[in-house]
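Trainee: no sequence for this one, just the structure:
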């Protein structure tokens, strides 16, 4: 069989296998009749937000609206969607599904394909670093790809973040980085164009990951310089830079130009369009990796003892960011793999695992954020103390001048990047805990390279089948603790028939503003966005969970919004004084509200009485919703 056909068959087979694993990962959705249409993967309000964003892209395409800006949330001012996890490219790609089978189905497809495509990209990347022309190399790459594509990071973000699990560009970016800074065998322009296109794709999938990839690129340059300092301690690093920089600079210049051409419109909308967001959107220490998170499983893992779950529930990050668990068995195996390969001298495999291991540790430290957190307690100790301590020990115990110089390079690089993620605008918007994605990428590389070596060594030695299978058994034991809990968390999406029945919802004037209760002032109350999505974007809303100038991810304070929020929380309606009535009427007029709806919610009776008093007439009750038409 020709090698090209064989390679294509292998890729197709691996892709189908990863897709089958992803379907099994989400079996509660795909193996339940009607599940993909009536339930969403995940918990809380984030799946509803993601469904809305997917639905908006399909609706905007079909009706000629702006893909990157909308007044269907926070009307009449609107929302700059480039400051939100809108994933316009994902929404456009899935628009045929969204428009025909619904936003819920498209969301579940996005989650499933995200995991499978990410694992596939990692498989393709790993094949470069193992001997992928035979079964052993394919198995090693297959296991490495699975570790990346189905890691605890993926399990956490599959709870409601399709863009955060559609991360196939990270492995491909690493390949292009290798081409530009290490191999330098292909034309720099070709690599640069590919890098620019890939960067533009990632911008339109999830901009935060593009920023993170740039950060990891800087880390990679520092690590390469450090390893050069170790292997050639007497060679000036300036010579290395001169030798490599001309080629890399040409490629980067082409990449930047390509990226600007492709990304000019979305970046213009983001930074120069309406409703531009300024300032840090998250607090620096809000979503970070706890020191214990690396070794303590969370309730998202199948093997999570009760005591471990009690510890992990105190981690500062929310359940959507519980992505730091690597596990003691895998950490031990990776450490053994590095030692096993490096003790054999400076081979290609030893150099690769050394580079990837150092990068993994470096990024794991960055994921811890500004200060050290232990079991949810924030200690008054900056994370930078850890690399400082490591460098101190190295300088005290290692006399090799190259190692000492490498330690200095790594320390100053860490301090610069660590400081940038805290203080530099835009860069500080990268959530530290999400950098764990790259830790699993580097772990997958180390594991696959070691497996490739160990399996070949056992075969060459002519050992028994049981002994030859030992590396696979060790890898399996190390990966078992990472298996996600089953059934995977899902949430039924019960939408009142008013929103899904055209004869009912079409009573609302198309494109008009409707005020919907519960007031969507919080991510936990994003259900009105789901109803709006299921209504085919029939109406606009003066509410919604989205980033707007402030920065704020909730609508700006208003008398009517505060009153509705108070009723939803406590069931207590404020006194309807003449002054309060004027304030509420002012908000209705400013928002241009033509319809008020009260859907299923806590304290629904109190909300209905509140609006009956405010509007001076009782509502119509249709399709499970109380409605006041024609305001």
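Mentor: Yep, it's here. Since we're looking at a predicted model, the values are computed, not measured.
Trainee: so residue 167, which of the three states?
Mentor: coil (DSSP: H, G, I helix; E, B strand; the rest coil).
Trainee: and it, what does it touch?
Mentor: Shown in contact with residue 167 (Cβ atoms under 8 Å, 6 or more residues apart in numbering): 114, 118, 206, 209, 437. (Glycine included, C-beta is placed from N, CA and C.)
Trainee: wait, doesn't the second one sit right on residue 163?
Mentor: Just to be clear, that refers to residue 118. No. Taking contacts as Cβ atoms under 8 Å, residue 118 lies outside contact range of residue 163: 11.5 Å.
Trainee: which one's more surrounded, the two?
Mentor: residue 118 (28 against 24; other Cβ atoms under 10 Å).
Trainee: tell me how far that one lies from residue 172.
Mentor: 10 Å (Cβ to Cβ, to the nearest Å).
Trainee: with residue 536 instead?
Mentor: Distance from residue 536 to residue 172, by Cβ to Cβ: 36 Å.
Trainee: and these two? which has more neighbours close in?
Mentor: Between residue 536 and residue 172, counting by other Cβ under 10 Å, residue 536 is the more crowded of the two (21 against 18).
Trainee: I'd guess residue 381 is in a strand, am I close?
Mentor: Yes. According to three-state DSSP, residue 381 belongs to a strand.
Trainee: these two touch, right, it and residue 371?
Mentor: Yes. At 6.1 Å, residue 381 and residue 371 qualify as touching, with contact defined as Cβ under 8 Å.
Trainee: comparing those two, which shows the higher neighbour count?
Mentor: Legend: neighbour count by other Cβ under 10 Å for residue 381 and residue 371, higher for residue 371 (17 against 12).
Trainee: how about the contacts made by that one?
Mentor: 285, 378-383.
Trainee: just give me the neighbour total for residue 404.
Mentor: 16.
Trainee: for it, which residues are in contact?
Mentor: Contacts of residue 404 (Cβ under 8 Å, 6+ apart): 394-395, 398.
Trainee: JSON lines for those residues, including neighbour count and pLDDT?
Mentor: Shown next, in JSON lines, are those (neighbours: other Cβ atoms under 10 Å; pLDDT from 0 to 100):
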{"residue": "394", "neighbour count": "17", "pLDDT": "88"}
{"residue": "395", "neighbour count": "14", "pLDDT": "85"}
{"residue": "398", "neighbour count": "13", "pLDDT": "85"}
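Trainee: now, the residues you listed that are in helices?
Mentor: Judged by DSSP state H, the contacts of residue 404 include 394-395 as members of helices.
Trainee: now, which of the contacts of residue 404 sits nearest residue 232?
Mentor: Checking the contacts of residue 404 against residue 232 with Cβ to Cβ, the nearest one is residue 398 at 16.6 Å.
Trainee: excluding its backbone neighbours, what's nearest that closest one?
Mentor: Excluding the flanking residues, the one nearest residue 398 by Cβ to Cβ, 6 or more residues apart in numbering is residue 404, at 6.4 Å.
Trainee: tell me how far that neighbour lies from residue 238.
Mentor: Distance from residue 404 to residue 238, by Cβ to Cβ: 18 Å.
Trainee: cool, and residue 566?
Mentor: 65 Å.
Trainee: could you list the domains of the protein?
Mentor: 1-167, 186-274, 282-481, 497-628 (automatic domain parsing).
Trainee: now, of the ones you listed, which is deepest in the fold?
Mentor: domain 1-167 (a mean of 21; mean count of other Cβ atoms under 10 Å).
Trainee: next one: it to chain centre, how far?
Mentor: Distance, stretch centre to chain centre, for domain 1-167: 11 Å (Cα atoms, centre = their mean, to the nearest Å).
Trainee: got it, and stretch 361-375?
Mentor: Distance, centroid of stretch 361-375 to centroid of chain: 18 Å (Cα atoms, centre = their mean).
Trainee: try stretch 449-469
Mentor: That offset, for stretch 449-469, works out to 36 Å (Cα atoms, centre = their mean).
Trainee: can you list the residues that contact it?
Mentor: Taking Cβ under 8 Å, 6+ apart as the rule, stretch 449-469 contacts 129-131, 136-137, 139-140, 143-144, 337, 340-341, 349, 352-353, 356, 470-472, 475.
Trainee: average model confidence for it?
Mentor: The predicted model assigns stretch 449-469 a mean pLDDT of 85.
Trainee: show the end-to-end separation of it, please.
Mentor: End-to-end distance for stretch 449-469: 16 Å, by Cα to Cα, to the nearest Å.
Trainee: could you number the chain from 26 rather than 1 from now on?
Mentor: Yes, from this point I'll number from 26; that puts the last item at stretch 474-494.
Trainee: can you pull out the strands in the protein?
Mentor: 64-66, 94-95, 104-105, 396-399, 402-407, 515-517, 538-542, 618-623, 645-647, 650-653 (DSSP state E).
Trainee: in JSON lines: these, plus distance to residue 295 and mean pLDDT.
Mentor: Output for the strands of the chain, formatted as JSON lines (distance: least, Cβ to Cβ, whole Å; pLDDT from 0 to 100):
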{"stretch": "strand 64-66", "distance to residue 295": "28", "mean pLDDT": "97"}
{"stretch": "strand 94-95", "distance to residue 295": "10", "mean pLDDT": "98"}
{"stretch": "strand 104-105", "distance to residue 295": "7", "mean pLDDT": "98"}
{"stretch": "strand 396-399", "distance to residue 295": "30", "mean pLDDT": "96"}
{"stretch": "strand 402-407", "distance to residue 295": "32", "mean pLDDT": "96"}
{"stretch": "strand 515-517", "distance to residue 295": "31", "mean pLDDT": "95"}
{"stretch": "strand 538-542", "distance to residue 295": "25", "mean pLDDT": "98"}
{"stretch": "strand 618-623", "distance to residue 295": "29", "mean pLDDT": "98"}
{"stretch": "strand 645-647", "distance to residue 295": "40", "mean pLDDT": "97"}
{"stretch": "strand 650-653", "distance to residue 295": "36", "mean pLDDT": "98"}
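Trainee: now distance to residue 347 too, for those strands, in a markdown table please.
Mentor: Converted to a markdown table, these look like this (distance: least, Cβ to Cβ, whole Å):
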| stretch | distance to residue 347 |
| --- | --- |
| strand 64-66 | 16 |
| strand 94-95 | 31 |
| strand 104-105 | 28 |
| strand 396-399 | 13 |
| strand 402-407 | 17 |
| strand 515-517 | 17 |
| strand 538-542 | 31 |
| strand 618-623 | 35 |
| strand 645-647 | 41 |
| strand 650-653 | 36 |
